[in-house]
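# Need a 3D model of the sequence below.
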Amino acid sequence: MGLSLLSGIGIQPRLYSVAEQFAITVVGMHTEETLQRVVARKLSGRRFVAVSNREPFIHVRQGERIACLKPASGLTTALDPILRATGGVWIAHGSGDADRDVAGENGRVMVPPENPSYALKRVWLTARQEYGYYYGFANQALWPLCHVAYQFPLFDELHWETYREVNRQFAEAVAEELAGQPAFVFIQDYHLALLAGMIKELCPNVITAQFWHIPWPNAEVFRICPWKEEILEGLLKNDMLGFHLRYDCLNFVDAVSRFLEARVDSERLTVSYQGARAKVRAFPISVDFEAIQQQARAPEVEAEMAHLRTRYSLTTELLAVGVDRLDYTKGIPERFRAIDRFLDKYPTYRGRVTFFQAGVPTRMQLPLYQNAEREMRSLADHINRKHRNGEWRPIVFVEEHFSPAALNALYRLANACIVSSLHDGMNLVAKEFVSARSDEDGVLILSRFTGSARELTPALLINPYAIDDFAETIQAALTMAAPERRARMRRLRRIVAANNIYGWATSIVEKISDLSEEV
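Below is the predicted model:
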C-alpha cells in the first residue's frame, strides 16, 4: 500500500524535521561512559542522592536462597550509572520479601551485588502506609487527576494524611543519610510531591530537583484537587522541576499562576515563590537504545520467538502486538474495538492476522483496575467469538509478566506494534519496539496522546477514540510496502538512538550542576 492511500487517511509523507536532522548527526553521542564522565566533572564536591518509591534492586526469597533482582525500569537504567560514578545513595521503599534480611540496622545494603558501588537505603512502610500513600492518594487521586482518561479521582482525606506522613518519612531518611552534608537530591515522580520542602526543612543546604514522570493536567482539571495549593507549594520547593514535555511545563506554571501568589515567567519557565526560585524544564525520557538492540539479537530471543509461536499458535501471515500494563490509561479497549471494526471492514483478513496483547497486571488491589481488566477480557472474548474461524481467533490476550527476552521476541515477530494510550507522559514501549528492530522493519502505530508522539513522528499517528480511523490505520500498517516500512523505521531508529536514556540523564545532570553555581 503506497503513499496515496496513507494520504487518504490523513497520514502525510514529509521531509525530515529539524529534530530528525539533528538526531541523525549525533547518533551514538550519549553512552553510559559519557554520562559517567559528565557526572565526575559536574557533580564533584556534593553527595548525590536519588529518591524514589520503587527500588532499583529487590531481594526476594527463592526457596532457601535469597535472590537479588533488578526490576525492568528505564529509571534504573538512567540513574544507576550516576550512583555508581558518585558512590551516592538511592533511597526507596523496601518492598521485597527478603529486603530486611540483607539490610543493616539503618536499612542500607550495597548494590549492585556483582560490583557494590553505592548504597541502597530502604524506607520501611506498614501495610496501612503503603495502601494509603501508594494505592490511595498516589494512584487513586494523583494518577487519574493527571491522566485525561475520564476516570474520576478519589480524594480521601485519610489517604492524603498518609501520603504526607510517608513523604515525611522519606525526608527523615534523607536527612539521616546526609547528616548535614551538602548534596544534590534527585526526587522521582508523583509519589513524593511534598518531599522537597520537607527535606529542606531538615537540610537547608541541599539542592533538590524532581522529575515528574506522568503528565501534568491543565489548570481547570487540577483545580478539583482539594490539596492543590499544598502540592504546588511542595513541588516549588525544588530548585528544578522536570517534565517530559514543554506542554506539561506550561500547564504546571499556569496552575501556579492560577492558585498561588507567585511570580511566574512563562517564557523562561521560572517561578519565584516565598523567597525561592524554581526552574521548570522539559526532559523527554527515553530508553537504552544500544542495549535493547543488542539484547534483541541474542540467541535466547531467537529461541523465545520460536517458543511464542508454538505456545500461542502464532502461525498467521501477519502479527500485530500490544505490550501494556493493564491500566485504564493505555487504551486497550479502544484498541480491541478498532480491531473489531477492522475485521468488519476487511473480512479477508480473518485467519490471516493475529493481534497479540501482552497485558502486565498492575495495581490489581484496586477495584478500578479489577473492573478495567474484566472489561478488557470480556471485550476480547466477545470479539473472538464474533470473528472466530475454526482454530483461529483474532485476539490472543495474555495476562502475565513477560521477561525481557519474551518482550524482545514479540517486538521482533511483529509486523506492527500498536500503542493506543489515551494519555501518557511518554510511553517507552514505542521506543523499545523501535530499538529492537535492527532489521529496520515493522510499523509503529502510535497514539497522538503520548509524549513519544512528539518525537516519533514517522510512526502512524492515531486518535484512539476515533475507531474508524484507527481501523483504517491498522489496514494501512499491514499493507504498507516494504520500502516505506524500512524508510520510516530507519528514521525512527535514528531519533531514538540519538535521544537515548543517557542523553536524558546527561541533560539533567548538567542542569543540576548549573544550579550549584547559582547557589
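
# mind listing the strands in the stretch 201-350 of the chain by residue range?
Assigned strands in the stretch 201-350 of the chain, in chain order: 206-211, 240-243, 263-265, 270-273, 276-282, 318-325 (criterion: DSSP state E, counting those that start in this stretch).

# ugh, wrong one, the stretch 51-200 of the chain
58-62, 65-69, 89-93, 108-111, 118-123, 183-188.

# Show the model's pLDDT score for the closest residue to residue 391 other than its chain neighbours.
In this structure, residue 391 finds its nearest non-sequential neighbour in residue 313, 7.1 Å apart by C-beta to C-beta, 6 or more residues apart in numbering. Any C-beta I mention is one placed from the backbone N, CA and C, and that applies to glycine too. pLDDT, residue 313: 94.

# Deepest in the core, which of the strands of the stretch 51-200 of the chain is it.
strand 183-188 (a mean of 25; mean count of other C-beta atoms under 10 Å).

# what domains does the record give for this protein?
Under the assignment automatic domain parsing, the domains of the chain span 3-26+287-499, 32-286+503-518.

# So, low pLDDT: which residues of the stretch 251-400 of the chain?
Along the stretch 251-400 of the chain, the model assigns pLDDT under 70 to no residue.

# which residues of it fall in helices?
289-296, 299-311, 332-345, 367-387 (DSSP state H, counting those that start in this stretch).

# got the strands of the stretch 51-200 of the chain as TSV, with distance to residue 262 columns?
Formatted as TSV, the strands of the stretch 51-200 of the chain follow (distance: least, C-beta to C-beta, whole Å):
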stretch	distance to residue 262
strand 58-62	39
strand 65-69	43
strand 89-93	29
strand 108-111	38
strand 118-123	31
strand 183-188	20
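
# out of those, which comes closest to residue 156?
Distance to residue 156, taken as C-beta to C-beta, is lowest for strand 89-93 among the strands of the stretch 51-200 of the chain, at 20.3 Å.

# Each with direction, which strands does that closest one pair with?
Strand 89-93 has its sheet partners listed here by DSSP bridges as strand 47-52 (parallel), strand 118-123 (parallel).

# could I get those strands as TSV with mean pLDDT and distance to residue 489?
Shown next, in TSV, are the strands paired with strand 89-93 (pLDDT from 0 to 100; distance: least, C-beta to C-beta, whole Å):
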stretch	mean pLDDT	distance to residue 489
strand 47-52	95	33
strand 118-123	96	37
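
# could those strands be laid out in TSV, adding distance to residue 174?
Shown next, in TSV, are these (distance: least, C-beta to C-beta, whole Å):
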stretch	distance to residue 174
strand 47-52	6
strand 118-123	9
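
# count of neighbours near residue 352?
13 (other C-beta atoms under 10 Å).

# and it, backbone torsions?
phi -110, psi -20 (degrees, to the nearest 10).

# I'd assumed residue 303 was in contact with residue 408.
No: with contact defined as C-beta atoms under 8 Å, residue 408 does not count as touching residue 303 (11.4 Å).

# Distance check, the residue nearest to residue 251 when sequence neighbours are not counted against residue 243.
In space, and not counting its chain neighbours, residue 251 is closest to residue 216: 4.6 Å by C-beta to C-beta, 6+ apart. Residue 216 is 6 Å from residue 243, where distance means C-beta to C-beta, to the nearest Å.

# same deal with residue 136?
From residue 136 to residue 243 the distance is 24 Å (C-beta to C-beta).

# Please apply the same query to residue 268.
15 Å.

# okay, those two: which has more neighbours?
Relative neighbour count places residue 243 above the other of residue 268 and residue 243, with 27 against 10, counting by other C-beta under 10 Å.

# Look up which residues are beta-bridged to the more buried one.
With DSSP bridges as the rule, residue 243 is bridged to residue 282.

# wouldn't it be in contact with residue 285 here?
No: counting by C-beta under 8 Å, residue 243 does not reach residue 285; the two are 10.0 Å apart.

# Pull up the overlap in contacts between the two.
Common contacts of residue 243 and residue 285 (C-beta atoms under 8 Å, 6 or more residues apart in numbering): residue 211.

# Pretty sure residue 326 sits against residue 369.
Yes: contact status for residue 326 versus residue 369: in contact at 6.8 Å, counting by C-beta under 8 Å.

# shared neighbours of the two, anything?
residue 362.

# Please report how far the residue nearest to residue 251 lies from residue 157.
Taken as C-beta to C-beta, the span from residue 216 to residue 157 is 23 Å.

# Next, the residue lying farthest from the centre of the chain: phi, psi?
What lies farthest from the middle of the chain is residue 390; by C-alpha atoms, centre = their mean that is 38.8 Å. Backbone torsions of residue 390, given as degrees, to the nearest 10, read phi 70, psi -130.

# Report the contact partners of it.
Applying C-beta under 8 Å, 6+ apart to residue 390 gives the contacts residue 351.

# Could you do residue 43 as well?
82, 85-86, 184, 509, 512-513.

# ok, now residue 297?
By C-beta under 8 Å, 6+ apart, the neighbours of residue 297 are residue 438.

# ditto for the one 3 residues further on
Residue 300 makes contact with residue 405 under the criterion C-beta under 8 Å, 6+ apart.

# Distance check, it against residue 65.
The value you get for residue 300 to residue 65, if C-beta to C-beta is used, is 23 Å.

# In space, what's closest to residue 507 - neighbours in sequence excluded?
residue 283 (5.5 Å).

# quick one: the one you found from residue 130, how far?
29 Å.

# next one: residue 355
36 Å.

# Show me what the mean pLDDT comes to for stretch 137-146.
Here the average pLDDT along stretch 137-146 is 97.

# Start and end of it, how far apart?
Stretch 137-146 has an end-to-end distance of 12 Å (C-alpha to C-alpha, to the nearest Å).

# what about the stretch 1-150 of the chain, any weak spots by pLDDT?
In the stretch 1-150 of the chain (pLDDT under 70), the answer is 1-28.

# Now list whatever residues contact both of residue 216 and residue 243.
249, 252.

# count of neighbours near the nearest residue to residue 176 once chain neighbours are set aside?
Leaving aside its sequence neighbours, residue 176 sits nearest to residue 106 (C-beta to C-beta, 6+ apart; 7.3 Å). Using other C-beta under 10 Å, the number of residues around residue 106 comes to 12.

# same thing with residue 302?
Residue 302, neighbours per other C-beta under 10 Å, totals 15.

# same deal with the one 10 residues further on?
For residue 312, the number of neighbouring residues by other C-beta under 10 Å comes to 13.

# do the one 10 residues further on as well
Using other C-beta under 10 Å, the number of residues around residue 322 comes to 26.

# List the contacts of it.
332, 335, 355-358, 417-420.

# Now neighbour count and distance to residue 481 too, for those, in a markdown table please.
Output for the contacts of residue 322, formatted as a markdown table (neighbours: other C-beta atoms under 10 Å; distance: C-beta to C-beta, whole Å):
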| residue | neighbour count | distance to residue 481 |
| --- | --- | --- |
| 332 | 28 | 29 |
| 335 | 29 | 24 |
| 355 | 26 | 22 |
| 356 | 19 | 24 |
| 357 | 22 | 27 |
| 358 | 21 | 28 |
| 417 | 26 | 18 |
| 418 | 32 | 20 |
| 419 | 28 | 22 |
| 420 | 26 | 24 |
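
# So which of these sit within strands?
355-358, 417-419 (DSSP state E).

# From these, pick the one nearest residue 124.
Closest to residue 124, out of all of those and judged by C-beta to C-beta, is residue 358, at 32.9 Å.

# and the closest one, bridged to which residues?
Bridge pairing for residue 358 - DSSP bridges - gives residue 323, residue 398.

# residues contacting it?
Contacts of residue 358 by C-beta under 8 Å, 6+ apart are 321-324, 398, 400, 402, 406-407, 410.

# Let's see that with 7 Å instead.
When contacts are counted by C-beta atoms under 7 Å, 6 or more residues apart in numbering, residue 358 touches 321-323, 398, 402, 410.
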